[in-house]
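S.K.: predicted coordinates and the sequence they were generated for:
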Amino acid sequence: MRTILAVMGKELLEASRDANVLLYALGFPLLLYPMLIWGVVQLLQVEAGVTESQPSRVAMSAPREMLSALAEPPVESLPGGEEDLLADRLDAILELVPQPAGGLVARLTFRSTRARSRRARALLSERLESWRQHYLEDLGTGMGRGAGAFLPWKIEAVDESPAGEVATTVVSRVLAVLLLTVLVLSTLYPLVEVMVGERERGTLETTMVAAVPRLHVVAGKLLAVMLIAMTAVLGNLVALLATLASMLPDLGSTLGPLASRDPLSLFMAFMGLLTMALALAGSMGLVILPARSYKTAQNNGMVLGTVFLGLSALALFPQVEAGPVLALVPAAGTSLLLRDSIAGGVPMSLGTIVVVTNLSVAVVGFWLGSRVLANEGYLFGERLPRWLAWMERRRD
Amino acid sequence: MIEARGLVKRFHSPRTVVAVDHVSFRCLPGQIFGLLGPNGAGKTTTLRILSTLMAPDEGSAVLNGYDVRREPERVRASIGYLSTSTGLYGRLSAREMILYFARLQGVKEPGRRVDELVEEMGLAAFADTRCDRLSTGMKQKVSIARVLVHDPPILILDEPTAGLDVLVARSFMELMERARAAGRCVLFSTHIMSEAERLCDRIAVIHRGRILANASLEELRLATGQHYMESIFVHLVEQAEKQA
């Protein structure tokens, strides 16, 4: 353990003085979120403009005298029910139900996850309020029934989107993939630096002649890479939340459901991410080690990184469910674990499978990496071990 | 003590080359043993086998009582190895570099040991300077401090004075003499004849992987009838070429 810590400490110290590592592993991802979110906000503003130019399709059930006042453009009165709302053929449903004791209840059904539906709700709420203010009392008086004929007046807003759908959609699916993307990007450059860089500078021979098991050297290096990558991920999370908080004043209510998540579930998600960082370092380290230059190392690492990113993108699709089989696939299992942990929770058994799978990949990567480092052909640039020779043939 | 017995190393890429061909020698504590030969003679490969970085195809070697094949970690704990490159981490300071290797080698009180070496090697003025900003001579001093940090009984130095100016090379040779006086076993390779003449208690002349002679300087003079090391070397190589 002492030697692993010594190697890890040295790698972290070197990385902290390497402008490229700081830029690629920390600086770039930290800039990514503000730029990405700014871009998304711009797109949303364009979308809002498009939405405003479209009519609001509303199914209304109300006294005749109110219908004409409510269904003025851009509100368009259409027939339909809840199934049409869920199928996006309607933007809202308005029911004005007279109460036996007098007065009305306005039930406004909409979907908070749809921009057109939110706009329809805003328009109808505004008109109902206006109608109440300017016409209702006059109408009551005109009918000789007094100013309070339709009181008490009440608007019930019913959101057809499931509770917490916004948080679930935006946070769990997108965040799972984003965190894994940052993890892959933040792993690659430091990994190339600690593995190939040392060999290129001729310092590896010096380390290899110290009385230290090869596995300790590899473990120290890869643990340092994992720490750098996890720091980048946590930094990104902070940057993401800070950016969102500055751009979205209602962030608290949007992310409210997160606060009520099962702590054990969130702990499993963190463990999944942590072990994935180890698995990434181990497996990417193995494909990077045989490279004889930075460029080849980055190419080798990017191929595997792209595979991992593709697998982690499965979390974007709600129809893909986390199960024991996918839990055994690195990156896919982790992203689904993250998604479901944030969205509501996952069984402990599933989280355990993901963590154990990631650790197994990491251990195999660490062990094979130490075998490569112990190989004299690799160390002195003569040739790769026979079991890795196919990589040379592929490059040729 | 170092004892090499019939070491053989072949490289197979692209054609088979015997880099080390049945090399045997013995280096005792308090002795400087020079491995003298031109570039490509097999000096570095021999030293890499002894430092466990390479495994021999045939033969065996025992250092400080440990076999290079069976107990490589114990061998590595017994040696201080200096390769042809300085092997320094450019972004670490001289002090951090020595401290790192002190920790790797399991030195007790590594901080104190580093302070001792910084003082002994005259590194105090630039101990906190990054290694990539040091001159070649200073880098070599830091490398030597790294080699000595765990106080090994055996030093294996691969062309340690290559690329150094006269003054630094001289201080380096003084350091080897001090190591000998301290009872260390010093094995070093060189192609600089004057160094071998000045320092070595025994000299092995190596050419095309084979040891042509292994004796003290006086014995070599008697055997070849030549006085200067350069003439002795040329004589031995010409004889070997004729026999081949």
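M.R.: Sure, I can see it.

S.K.: where do the strands sit along chain A?
M.R.: Taking DSSP state E as the test, the strands found in chain A are A:56-61, A:75-77, A:92-98, A:104-110, A:153-159.

S.K.: for residue A:7, find the nearest of these.
M.R.: Closest to residue A:7 of the strands of chain A is strand A:153-159 (CB to CB; 54.4 Å). The way it works is simple: take the backbone N, C-alpha and C, and place the C-beta from them, glycine included.

S.K.: show the contacting residues for residue B:97.
M.R.: By CB atoms under 8 Å, 6 or more residues apart in numbering or on different chains, the residues touching residue B:97 are B:88, B:89, B:131, B:142, B:146.

S.K.: thought the second one was touching residue B:130?
M.R.: No: in this structure, residue B:89 is not within contact of residue B:130 by CB atoms under 8 Å, at 9.1 Å.

S.K.: the residue sitting nearest the centre point of chain B sits in which helix or strand?
M.R.: With distances taken as CA atoms, centre = their mean, residue B:157 lies nearest the centre of chain B, 1.9 Å away. In the assignment (DSSP states H and E), residue B:157 maps to strand B:154-158.

S.K.: quick one: contacts of that strand?
M.R.: Strand B:154-158 is contacted by residues B:2, B:43-44, B:47, B:50-51, B:63-64, B:78-84, B:147-148, B:176, B:179, B:184-189 when judged by CB under 8 Å, 6+ apart.

S.K.: got the residues of chain B near chain A?
M.R.: For chain B, the contact set with chain A under CB under 8 Å from any CB of the partner chain comprises B:11, B:13, B:48, B:51-55, B:73-74, B:76-77, B:79, B:81, B:83, B:85, B:87-92, B:96, B:100-101, B:103-106, B:130, B:146, B:150.

S.K.: how far away is residue B:195 from residue B:169?
M.R.: Note on residue B:195: its distance to residue B:169, by CB to CB, to the nearest Å, is 8 Å.

S.K.: between those two, what contacts are shared?
M.R.: Common contacts of residue B:195 and residue B:169 (CB under 8 Å, 6+ apart): residue B:161.

S.K.: in contact with residue B:183, which residues?
M.R.: The contact partners of residue B:183, by CB under 8 Å, 6+ apart, come to B:29, B:30, B:153.

S.K.: buried subset of these?
M.R.: Neighbour-count burial (16 or more other CB atoms under 10 Å in any protein chain shown) applied to the contacts of residue B:183 gives residue B:153.

S.K.: which among the contacts of residue B:183 gets closest to chain A?
M.R.: Distance to chain A across these (CB to the nearest CB) is lowest for residue B:153, with 13.1 Å.

S.K.: wait, doesn't residue A:290 sit right on residue A:378?
M.R.: Yes: judged on CB under 8 Å, residue A:290 makes contact with residue A:378 at a distance of 7.4 Å.

S.K.: how about residue B:138: what's its closest non-neighbour residue?
M.R.: Among residues not flanking residue B:138 along the chain, residue B:126 sits closest, at 6.1 Å (CB to CB, 6 or more residues apart in numbering or on different chains).

S.K.: ok, residue A:243 - how many residues close by?
M.R.: For residue A:243, the count of nearby residues is 18 (other CB atoms under 10 Å in any protein chain shown).

S.K.: okay, it: pLDDT?
M.R.: Residue A:243 carries a pLDDT value of 75.

S.K.: can you name the residues that contact the closest residue to residue A:346 other than its chain neighbours?
M.R.: Spatially, and ignoring its direct neighbours in sequence, residue A:346 is nearest to residue A:340 (4.5 Å; CB to CB, 6+ apart). When the contact criterion is CB under 8 Å, 6+ apart, the partners of residue A:340 are A:172, A:322, A:346.

S.K.: got a pLDDT number for the last one?
M.R.: Taken from the predicted model, the pLDDT recorded for residue A:346 is 74.

S.K.: same check on the second one?
M.R.: pLDDT, residue A:322: 76.

S.K.: that one and residue A:334 touch, don't they?
M.R.: No: counting by CB under 8 Å, no contact exists between residue A:322 and residue A:334, whose distance comes to 10.1 Å.

S.K.: the more surrounded of these two?
M.R.: The neighbour comparison of residue A:322 against residue A:334 (other CB under 10 Å) goes to residue A:334, with 34 against 24.

S.K.: distance of the residue nearest to the more buried one when sequence neighbours are not counted from residue A:308?
M.R.: By the measure of CB to CB, 6+ apart, the closest residue to residue A:334 outside its immediate chain neighbours is residue A:276, 4.3 Å from it. Distance, residue A:276 to residue A:308, using CB to CB: 9 Å.

S.K.: with residue B:69 instead?
M.R.: 40 Å.

S.K.: out of those two, which sits in the more crowded spot?
M.R.: It is residue A:308, of residue B:69 and residue A:308, that has more neighbours when counted by other CB under 10 Å, with 24 against 15.

S.K.: the more buried one reaches residue A:334, doesn't it?
M.R.: No: assessed by CB under 8 Å, residue A:308 is found out of contact with residue A:334, at 9.2 Å.

S.K.: what sits in contact with each of the two?
M.R.: residue A:180.

S.K.: for residue 17, which non-adjacent residue is closest in space?
M.R.: Assuming you mean chain A. Distances taken as CB to CB, 6+ apart put residue B:91 closest to residue A:17, at 4.3 Å, once the chain neighbours are dropped.

S.K.: the chain in question should be chain B.
M.R.: Nearest residue to residue B:17, sequence neighbours excluded (CB to CB, 6+ apart): residue B:11, at 4.9 Å.

S.K.: do you know how far that neighbour is from residue B:57?
M.R.: Distance from residue B:11 to residue B:57, counting by CB to CB: 10 Å.

S.K.: more neighbours: which of those two?
M.R.: Under the criterion of other CB under 10 Å, the comparison of residue B:11 against residue B:57 puts residue B:11 first, with 18 against 14.

S.K.: how about the more buried one, phi and psi?
M.R.: Dihedral angles of residue B:11 (phi, psi; degrees, to the nearest 10) stand at phi -110, psi 140.

S.K.: ok, it touching residue B:42?
M.R.: No: in this structure residue B:11 lies outside contact range of residue B:42 using CB under 8 Å: 10.5 Å.

S.K.: common neighbours of those two, please.
M.R.: Contact criterion CB under 8 Å, 6+ apart; residues shared by residue B:11 and residue B:42: residue B:19.

S.K.: about what we covered before: so between residue B:89 and residue B:130, which is more surrounded?
M.R.: Neighbour tally, residue B:89 and residue B:130, criterion other CB under 10 Å: the higher count belongs to residue B:89, 22 against 17.

S.K.: leaving out chain neighbours, which residue sits closest to the residue in the stretch 251-396 of chain A that chain B sits nearest to?
M.R.: Proximity to chain B, evaluated over the stretch 251-396 of chain A using CB to the nearest CB, is greatest for residue A:376 at 4.5 Å. By the measure of CB to CB, 6+ apart, the closest residue to residue A:376 outside its immediate chain neighbours is residue B:54, 4.5 Å from it.

S.K.: the one you found: neighbour count?
M.R.: 24.

S.K.: quick one: the residue nearest to the centre of chain B and residue A:46, what's the gap?
M.R.: For residue B:157 relative to residue A:46 (CB to CB), the value is 70 Å.

S.K.: quick check: residues of chain A near chain B?
M.R.: A:2-3, A:6-7, A:9-10, A:13-14, A:17-18, A:201-203, A:205-213, A:376, A:379-380, A:382-383.

S.K.: circling back to that earlier point, want to throw the strands of chain A into TSV with distance to residue A:270 and mean pLDDT?
M.R.: Conversion of the strands of chain A to TSV gives the following (distance: least, CB to CB, whole Å; pLDDT from 0 to 100):
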stretch	distance to residue A:270	mean pLDDT
strand A:56-61	43	86
strand A:75-77	47	82
strand A:92-98	40	83
strand A:104-110	36	83
strand A:153-159	31	62
